[in-house]
Structure formats: C-alpha cells, structure tokens
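Engineer: let me see the structure of the following:
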Amino acid sequence: MGTYSLLFNGSLMVEDGMGYALGLDQIIHSSENSPLCFRPLSPKLEADMHIVWKKQQVFSKAARHYLDRLLEHT
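Structural biologist: Next comes the predicted model:
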C-alpha cells in the first residue's frame, strides 16, 4: 500500500508493477496504446468538485477565460 498526491505519480508506480491506483477517469492517458487502463468501480462512485477563489482575485486572461467557461456550465 502506498500514497500519491498526483495520479500521474501513482500511474508510474502501477507501470512498475507496484499495484493499482485509484483516481478519476481521464486524468491520465489510458488509451489503447497505453499500458494502463481505467476500470470503473461498482457500484458507481461520484465525486463532487468545487472551484474556489478569493474575492477580488486578479486572474490572467487564460485563467479568466477558463473560469468563464466553467461558470457557463453551472
């Protein structure tokens, strides 16, 4: 058993045969050319995600654009 803070780091351990990693789908590359695959848990588990920022936060143009797109879907 081990821990990781980034799924990419966990995926490197899995590729080295150290076990399995739990993570959200589509966080790492797992296409048919990848040695890794995603297997959903059963019963299905869902994770709520929250985006938080400070009041009066000054964003870069890219960050502002990203936030605007996120807010369009709420």
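Engineer: and the pLDDT at the residue nearest to the spatial centre of the chain?
Structural biologist: Nearest to the geometric centre of the chain sits Ile27, at 3.9 Å (Cα atoms, centre = their mean). What the model reports as pLDDT for Ile27 is 87.
Engineer: contacting residues around it?
Structural biologist: Applying Cβ atoms under 8 Å, 6 or more residues apart in numbering to Ile27 gives the contacts Leu7, Phe8. All C-beta atoms are positioned from the backbone trio N, CA, C, and that covers glycine.
Engineer: which phi and psi does it have?
Structural biologist: Backbone torsions for Ile27, taken as degrees, to the nearest 10, come to phi -80, psi -30.
Engineer: how close does it get to Ser60?
Structural biologist: 23 Å (Cβ to Cβ, to the nearest Å).
Engineer: let me see the mean pLDDT of the lengthiest helix in the chain.
Structural biologist: Longest helix in the chain by number of residues (criterion: DSSP state H): helix 61-72. For helix 61-72, mean pLDDT rounds to 92.
Engineer: show me what that helix is packed up against.
Structural biologist: Counting contacts by 3 or more Cβ pairs under 8 Å, 6 or more residues apart in numbering; DSSP states H and E, helix 61-72 packs against no other helix or strand.
Engineer: what does that helix rub up against?
Structural biologist: Ile51, Trp53, Phe59.
Engineer: which residue is most remote from the mean position of this protein?
Structural biologist: Going by Cα atoms, centre = their mean, the residue of the chain most distant from its centre is Gln56, 27.2 Å out.
Engineer: ok, now which ones touch it?
Structural biologist: With Cβ under 8 Å, 6+ apart, Gln56 has no contacts at all.
Engineer: what about this protein, any weak spots by pLDDT?
Structural biologist: Applying pLDDT under 70 to the chain flags no residue at all.
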